[in-house]
Structure formats: structure tokens, C-alpha cells
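Participant: Show me the folded form of this:
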Amino acid sequence: MAKAKAGLTRYSESLAGTLLAAREAVMAPIRPILREANVTEQQWRVLRVLTEVDELDASSIAKEALLYAPTVTRILRELTERQWVVRSTDPNDGRRSVISISDEGRRLVQGTATYTVPMLSAYAEAFGEQRLRDFIAEARELAKALEPFSPDR
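Facilitator: Now for the predicted structure:
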């Protein structure tokens, strides 16, 4: 690893730089698909999370979609206006709202997935299916190992 002038590893070769480069490589071909569907990356993350559950509260969505709570609040307002999600009162706690994906939102995700799923398969073929599974497992373990360093804990 080449050292930058401040004694740090060059950003492009650093852990953060490498992970961002990998994320950009993954997302660059998917962004046009999301644009065509008229959905932002963050909105897509929220919709994807909601396809996996019956309903969630906003803070759980934020955690699962890796977004800040105020961002999720804004996204949920937009998705509700577009009728892609439905907000209702938790039957067990009338003070709590829960969010679920609407049929229209589910159709959007399914329609978009017809383009993104083949892209993800192509990634696995290009990198190697087992290597990709291993990388994902290692990245999860890295995130888990670094949790104690988060100021949000």
C-alpha cells in the first residue's frame, strides 16, 4: 500500500476507499434501472426492506436499510404520497405507527427486480459465486467487529 504524504494509506487503497469503490462498482449499473423506475437508491432500500416483512416501525426500517431516522421519515412521507407504502397504527400500541409495502410498491419492486436480479447474477459470475458469498460474509463480520467503535452505540 502506498503511503500518502500525511503518513496515511492512499485513500483509494484504504479500507474506506476500497469499500466505497466496491459499492460504486455494484451500484453504477443499477442506478439507471432505479432512475427508469423513478425511485432513488434510498427509497429502493426502504422498499426492499419492506418486501421482506409484513410491517415495521420507522426506526426498524432505518436500521435495516442503513439510513438515518430523519432520512427515513422523509422517504416514508414520499413513498406514502406515491402510494408505495401504507402507514397504520400498531394494534398493540396505539401510539406507534407501522409501515408496510402496498401492492403497488410490491409491483414496483418486482418489476425492477426483473432487471436487477440478472445484474446481480452477472456480478456473481464475474467475481465468482463462492468468492462473492465469502466477501459478503466477511464484510458482515467486519461490520459486526467494528460495531463497538461506533459513536452511536
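Participant: For the longest helix belonging to the chain, list every residue counted as buried.
Facilitator: Counting residues, the longest helix in the chain under DSSP state H turns out to be helix 103-127. Of the residues in helix 103-127, 105, 108-109, 112, 116, 123 count as buried by neighbour count, 16 or more other Cβ atoms under 10 Å. For glycine as for every other residue, the C-beta is placed from the backbone atoms N, C-alpha and C.
Participant: what does stretch 24-41 give?
Facilitator: 30, 33-34, 37, 39.
Participant: Relative to residue 93, which of those is nearest.
Facilitator: Taking Cβ to Cβ as the measure, residue 93 lies nearest residue 39 of these, at 30.2 Å.
Participant: That closest one contacts residue 112, correct?
Facilitator: Yes: using Cβ atoms under 8 Å, residue 39 is in contact with residue 112, at 7.3 Å.
Participant: Can you list the helices and strands that the helix or strand that contains residue 74 packs against?
Facilitator: For residue 74, the element it lies in under DSSP states H and E is helix 69-81. Counting contacts by 3 or more Cβ pairs under 8 Å, 6 or more residues apart in numbering; DSSP states H and E, helix 69-81 is packed against helix 41-51, helix 58-65, strand 85-90.
Participant: switch the cut-off to 10 Å
Facilitator: Helix 69-81 sits against helix 41-51, helix 58-65, strand 85-90, strand 93-101, helix 103-127, with contacts defined as 3 or more Cβ pairs under 10 Å, 6 or more residues apart in numbering; DSSP states H and E.
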